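S.K.: Model the following, please.
(2 chains)
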Amino acid sequence: MAEVEETLKRIQSQKGVQGIIIVNSEGIPIKTTLDNSSTVQYAGLIHQLVMKARSTVRDIDPQNDLTFLRVRSKKNEIMIAPGESKKSNSLSGF
Amino acid sequence: ATPVEDGGEVEEAGEEDRPDSVASKTDKKEPKLTNQFNFSERASQTLNNPLRERSCQTEPPPRSIFSATANQWEIYDAYVEELQKQEKNKEKQKAIPSKKDNEKSKKKMMLMETQGDDFTKVGKASKIFERMVNQNTFDDIAQDFKYFEDASDEFRDQEGTLLPLWKFQYDKAKRLSVTALCWNNKYQDLFAAGMGSYDFSKQGHGMLVFYSLKNSAFPEYIYPTNSGVLCLHIHEQHSHLIAVGFYDGCVAVYNLKEEGLEPVYKSTAKTGKHTDPVWQVRWQNDDMDNNHNFYSVSSDGRVVSWTLVKNELVFTDIIRLSVNGAVSEGPEGAQQPIIACGTAFDFHKQIDYLFLVGTEEGKIHKCSKTYSSQFLETYNAHSMAVDAVKWNHFHPKVFISCSSDWTVKIWDHTIKDLSSGFTCRMCQKAISGHNTDGTVHVFDLNINKYEAICQQSVVAKKKTKLTHIEFNPIYPIIIVGDDRGYVTSLKLSPNLRKKPKAKKGQELPKGPEVEIAKMEKLLSLLREPEQNAV
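M.R.: Numbers count the residues shown, from 1 in each chain, chains lettered A, B, ... in the order given. I've put the predicted structure just below:
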C-alpha cells in the first residue's frame, strides 16, 4: 500500500504531469489530484474509451489484454493504465 | 353478356347446379361435385354470459436489469473461471469433506471481493504508469538508445565514441560508491549495483540496488545492508538469486522473488564467514545434489565454496592461499604459512574445476577445485595487487589479468609468461577500462594493441572517480559506476562494435571458432617478435 502511494507521489512530482485520477471498475473516481468537475468529466469519458479499447484487444485474441493506452493530442497527452481483472482500477494521467 | 355456348360455363350464383362442362361435353354421368358457391346460412343468437373480472395482486418477483455483451473474450473468461472453479472444487473436496463449509467459505470470498475500493490492485498499474511517464520524460534518450548511430564514425578511422544515455541514481545511496555491477541474464534491461565504500577508514552501511533501463528515476528493488557491499553476482540460470559479498566478510544470498528486505541466507561468524573483506563471489553450476552453490574469495586468504542446503549456508574451504604456495604445513613443522590475500578469481568457462585466483602480492595461481593443497600453476603476474582476472569467453586457453600496477596482461595458461600492457577490464574481444580521472578507455585488440580506440570523459566533475564497468550482453551499451553512487549508461558507437568486414562473396563466419582464431593469430603475432628477439 505504502509503495503504491510512494510511486504515485513520484509520478506526480515528475515534470509534465498535470494530474492523476484513479478510477474503480465501475468508472467512479476514487482518488484525484485535479478539481472535481474535471475529474468527473474525464472519468466518464475515459471509462468508455478504455472499455472499448479493451474489448477490441480481447476480441481479437481473448488471451491478450490491454496493457496501456496513450491518447496524444495537439496540446497534451492522456495516459491510461488499466488494472488487472474486471474488478480493479485504472489510472489516468496527463 | 358472354355468349352462352352449348355446355359452356354459366357463372350464376344461384340455387342451380352448374352443369359440369366436361360432363356435358362428353355426355357422361360424373359424380356431382358440391358447389362451393352453393351454401346456405343459418344464424342464431345465443345468450352472452356477463363478463366478470377477477384479479389478484401478488408481490412482484424480484427483478433486476441485466445487460451484457457476448464477446469472444467474455466467453473465454467464463470458461477460464469455470475451469478454475472446478479445480478449486477438486482441491476442496480432497481437503474438507463437508459441503456446507465450502458454500460458506465461497460466500465469504465473494463478499471480500466486492468490498471497498482496493488500492493494492493499483500497484501493477502504477508501475506501468511510472515507466510510461519516464519514457515520455526521457524520450530522446530512449530513441537514442535504440536508433542513434554516430555518423561521424565513418570519418574517424577506427576510433569510436560513447554516447551517454540514462543516468541512474538513488537518493539514499548518494554518499556510497558503486562497488559492483552485474547485468541480469534473463531480463536484459535489469542490472544490479552494489553500493559500499572503498574508503577503508570510513565504513558504514551499504545497499544493493536494482535498476531497469525502463525506469531511470527510481530503482526497481532496494535492499539496505549493514555493511558495505563489495561484490555481487547474479545466478546465470536462476536470475532471481543474487550472491553478495560484504566488507565485513559475510556473504549473503538474496532472492528477488521474496517479499522481505533481508537476505535469504547469510553467513555468520559461526558458519565460517571470512574475516576480511570478500572481494569476489561467483555462482557455479548446481552440484550433484542439485543444490545451488557459489564461491567467494577474500583477503583472509581463503577461497570458500558455499552451498545452499535447504535453509542453511554450508561452507567448504577450497583452498588457502599462502605466499609460498598452498602448503598446509611449513617446511619446519609447526610453522604457520604466511597467508596471502586473495583479491580476484575467475572460473574457466568450459573446464569446470579449473579456476584462477589473483592475490594482493601480484601473483596469479591456477587451481583446481579438487586439489586443495596445491596450486596447479603460479604466474608471477604483476608487481602490485591483481585487481581482476578473467578467462577469455571463447578461447579456452587465454586469460587476462589487470592490476594496480597499471598493466594488463594476456596469458596463455600453458605458457608461464606473456605480454602486453594496458589498463583494462576484459570482455570478449573488446576491452574497456576506466581511470581515476573519469575517462573510459575502450580497446580492441584486433585493431590496435597499445592504444585505446576510444577515450572519453564520462563524468563531468573532476572529483568523481569511476569504479566499475560492465558490458551488456545483448545491447551495445555499457554501464559505469562511480564513487558518488551514480551509474551512467553509455552507448557504444558503431566503430566500437565492428565485426570484421567480409570479402566480397565470402560468407562471414560467426561463432566462437572465429573468436578463437582471432585470438590465436594475435598471440602468435606477439610471440614471434619475442622469439626473434631471443
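S.K.: which residues sit in contact with residue B:275?
M.R.: Residues in contact with residue B:275 (C-beta atoms under 8 Å, 6 or more residues apart in numbering or on different chains) are B:249, B:298, B:300. All C-beta atoms are positioned from the backbone trio N, CA, C, and that covers glycine.
S.K.: Wait, the second one touches residue B:281, no?
M.R.: Meaning residue B:298. No. Using C-beta atoms under 8 Å, residue B:298 is not in contact with residue B:281; the gap is 9.6 Å.
S.K.: any residues in contact with both of these two?
M.R.: Residues touching both residue B:298 and residue B:281 (C-beta under 8 Å, 6+ apart): residue B:245.
S.K.: follow-up on the earlier one: between the contacts of residue B:275, which has the most around it?
M.R.: residue B:298 (27 neighbours; other C-beta atoms under 10 Å in any protein chain shown).
S.K.: how far away is that one from residue B:370?
M.R.: 21 Å (C-beta to C-beta, to the nearest Å).
S.K.: got the contact list for the host helix or strand of residue B:244?
M.R.: Assessed by DSSP states H and E, residue B:244 sits inside strand B:241-246. For strand B:241-246, contacts defined as C-beta under 8 Å, 6+ apart pick out B:182, B:192, B:194, B:196, B:206, B:208, B:225-235, B:251-256, B:263, B:277-283, B:292, B:294, B:296, B:298, B:306.
S.K.: hmm, which of those are the buried ones?
M.R.: Buried residues within those, defined by neighbour count using 16 or more other C-beta atoms under 10 Å in any protein chain shown: B:182, B:192, B:194, B:196, B:206, B:208, B:225, B:227-235, B:251-254, B:256, B:263, B:277-283, B:292, B:294, B:296, B:298, B:306.
S.K.: Sitting in strands, which of the contacts of strand B:241-246 do you find?
M.R.: Members of the contacts of strand B:241-246 lying in strands (criterion: DSSP state E): B:182, B:192, B:194, B:196, B:206, B:208, B:225, B:229-234, B:251-255, B:278-283, B:294, B:296, B:298, B:306.
S.K.: Mind checking if stretch B:214-227 is in reach of chain A?
M.R.: Yes. With C-beta under 8 Å from any C-beta of the partner chain as the criterion, chain A is reached by stretch B:214-227 at B:217, B:218.
S.K.: Please save the CA atoms from that stretch in PDB.
M.R.: These are the backbone C-alpha positions of stretch B:214-227, laid out as PDB (Å, rounded to 0.1, in the frame of the first residue of the first chain):
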ATOM      1  CA  LYS B 214      13.000   1.300 -18.500                       C
ATOM      2  CA  ASN B 215      12.900   3.400 -15.300                       C
ATOM      3  CA  SER B 216      15.900   5.500 -14.700                       C
ATOM      4  CA  ALA B 217      14.300   7.600 -12.000                       C
ATOM      5  CA  PHE B 218      13.900   5.000  -9.300                       C
ATOM      6  CA  PRO B 219      15.300   1.600  -8.600                       C
ATOM      7  CA  GLU B 220      13.200  -1.500  -9.000                       C
ATOM      8  CA  TYR B 221      14.500  -3.200  -5.900                       C
ATOM      9  CA  ILE B 222      16.300  -1.800  -2.900                       C
ATOM     10  CA  TYR B 223      18.000  -3.800  -0.200                       C
ATOM     11  CA  PRO B 224      19.800  -1.900   2.600                       C
ATOM     12  CA  THR B 225      22.600  -3.800   4.200                       C
ATOM     13  CA  ASN B 226      24.600  -3.400   7.400                       C
ATOM     14  CA  SER B 227      27.900  -3.500   5.800                       C
END
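S.K.: Is chain B within reach of stretch A:3-21?
M.R.: Yes. Stretch A:3-21 lies within reach of chain B by C-beta under 8 Å from any C-beta, at A:3, A:4, A:5, A:7, A:8, A:10, A:11, A:14, A:15, A:16, A:17.
S.K.: now these as a markdown table including secondary structure?
M.R.: What follows is the residues of stretch A:3-21 next to chain B, written out as a markdown table (DSSP: H, G, I helix; E, B strand; the rest coil):
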| residue | secondary structure |
| --- | --- |
| A:3 | helix |
| A:4 | helix |
| A:5 | helix |
| A:7 | helix |
| A:8 | helix |
| A:10 | helix |
| A:11 | helix |
| A:14 | coil |
| A:15 | coil |
| A:16 | coil |
| A:17 | coil |
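S.K.: Buried ones only from those, please, as a PyMOL command.
M.R.: Filtering these down to the buried ones (16+ other C-beta under 10 Å) takes a single PyMOL command:
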select buried, chain A and resi 4+7+8+10+11+17
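S.K.: now the helices: where do they sit in chain A?
M.R.: A:2-13, A:36-60 (DSSP state H).
S.K.: With respect to these, which exhibits the lowest mean confidence?
M.R.: Set side by side, these differ in mean pLDDT, and helix A:2-13 is lowest with a mean of 83.
S.K.: helices or strands up against it?
M.R.: Where contact means 3 or more C-beta pairs under 8 Å, 6 or more residues apart in numbering or on different chains; DSSP states H and E, helix A:2-13 is packed against strand A:20-23, helix B:122-137.
S.K.: Reformat those into JSON lines and put distance to residue B:391 next to each item.
M.R.: Converted to JSON lines, the helices and strands packed on helix A:2-13 look like this (distance: least, C-beta to C-beta, whole Å):
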{"stretch": "strand A:20-23", "distance to residue B:391": "51"}
{"stretch": "helix B:122-137", "distance to residue B:391": "37"}
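S.K.: and among these, the most buried is which?
M.R.: Among those, strand A:20-23 has the highest mean neighbour count (mean count of other C-beta atoms under 10 Å in any protein chain shown), at a mean of 24.
S.K.: Which pLDDT does the model give residue 1?
M.R.: Picking chain A for this. 67.
S.K.: you looked at the wrong chain, it should be chain B
M.R.: Value for residue B:1, per-residue pLDDT: 45.
S.K.: now do the one 4 residues further on
M.R.: Residue B:5 carries a pLDDT score of 48 in this model.
S.K.: Kindly report the same for the one 3 residues further on.
M.R.: The per-residue pLDDT reported for residue B:8 equals 42.
S.K.: right, and residue B:228 touches residue B:180 too?
M.R.: No. The criterion here is C-beta under 8 Å, and residue B:228 misses it with residue B:180 at 10.3 Å.
S.K.: Where does pLDDT dip in the stretch 351-500 of chain B?
M.R.: B:372-373, B:392-397, B:402-410, B:412-467, B:495-500 (pLDDT under 70).
S.K.: quick one: residue B:354 and residue B:365 touch, right?
M.R.: No. Judged on C-beta under 8 Å, residue B:354 makes no contact with residue B:365 at a distance of 11.4 Å.
S.K.: So for the two, which residue has more residues nearby?
M.R.: Between residue B:354 and residue B:365, counted using other C-beta under 10 Å, residue B:365 has the larger neighbour count: 25 against 18.
S.K.: Please report how far the closest residue in space to the more buried one that isn't next to it in sequence lies from chain A.
M.R.: Residue nearest to residue B:365 in three dimensions, not counting chain neighbours: residue B:375, with 4.3 Å by C-beta to C-beta, 6 or more residues apart in numbering or on different chains. To chain A, residue B:375 is 50 Å away according to C-beta to the nearest C-beta, to the nearest Å.
S.K.: How many residues are close by residue B:187?
M.R.: By other C-beta under 10 Å, 15 other residues sit near residue B:187.
S.K.: Could you do residue B:494 as well?
M.R.: For residue B:494, the neighbour count with other C-beta under 10 Å is 14.
S.K.: was I right about it contacting residue B:150?
M.R.: Yes. Residue B:494 lies in contact with residue B:150 (C-beta under 8 Å); the separation is 6.6 Å.
S.K.: Does the residue of the stretch 201-350 of chain B found nearest chain A belong to a helix, a strand or coil?
M.R.: Proximity of the stretch 201-350 of chain B to chain A (C-beta to the nearest C-beta) peaks at residue B:218, 6.1 Å away. Assigned with three-state DSSP, residue B:218 falls in the coil class.
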